[in-house]
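Student: I need the structure of the sequence given here:
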Amino acid sequence: QVQLVESGGGLVQAGGSLRLSCAASGSIFSISTMGWHRQAPGKQRELVAAIISGGSTNYADSVKGRFTISRDNAKNTVYLQMNTLKPEDTGVYFCAALGVLTGSGDVRNYWGQGTQVTVSS
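Tutor: Residues are numbered from 1 along each chain as shown. Next up, the predicted model:
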């Protein structure tokens, strides 16, 4: 069984910063892609940023230049540094671990429970 545990959400004023962390635990041999999605009230879940095991990254246009994703492969942990936050960044942020090769030989995708980020104007 693989679990993702997120931390770091909260309330911040516009222009402020937050750092999200997500640690994957369980019987894991490797994780292909780790990333963050978010869902604002009344909107669909959208990709914020993703990083593959080799280090290549992908960002939503709305966060480029403000957010930085990184990962520690040894710890199966992904981070999202969010700077210059805007009210439109408000939402529930979900961690994703895609292409997880488990100890049983399965390859599956896993999602965290989500952490709330609220940016006040």
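
Student: Contacts only, for the residue minimising distance to the centre of the chain.
Tutor: Residue closest to the mean C-alpha point of the chain, counted by C-alpha atoms, centre = their mean, is residue 36 at 2.7 Å. Residue 36 makes contact with 20, 22, 47-50, 69, 78, 80, 93-96, according to C-beta atoms under 8 Å, 6 or more residues apart in numbering. From N, CA and C alone the C-beta is placed, and that goes for glycine too.

Student: give me the beta-bridge partners of it?
Tutor: With DSSP bridges applied, residue 36 shows beta-bridge pairing to residue 49, residue 95.

Student: which residues of the chain fall in helices?
Tutor: Using DSSP state H, no helices are assigned anywhere in the chain.

Student: Relative to the centre of it, find the outermost residue for me.
Tutor: When each C-alpha in the chain is compared with the mean C-alpha position (C-alpha atoms, centre = their mean), residue 104 comes out farthest, at 25.1 Å.

Student: Touching, that one and residue 26? I think so.
Tutor: No. Look at residue 104 against residue 26 with C-beta atoms under 8 Å: they stay out of range, at 10.5 Å.

Student: Would you enumerate the residues in contact with the closest residue to residue 69 other than its chain neighbours?
Tutor: Distances taken as C-beta to C-beta, 6 or more residues apart in numbering place residue 49 nearest to residue 69, at 4.0 Å, with adjacent residues excluded. Applying C-beta under 8 Å, 6+ apart, we find residue 49 in contact with 35, 36, 57, 58, 59, 60, 63, 67, 69, 80.

Student: Drop the exposed ones from the residues you listed and show what's left.
Tutor: 35, 36, 59, 63, 67, 69, 80 (16 or more other C-beta atoms under 10 Å).

Student: Which pLDDT value belongs to the first one?
Tutor: pLDDT, the model's per-residue confidence, is 98 for residue 35.

Student: do the fifth one as well
Tutor: Residue-level confidence at residue 67 comes out at 98, pLDDT.
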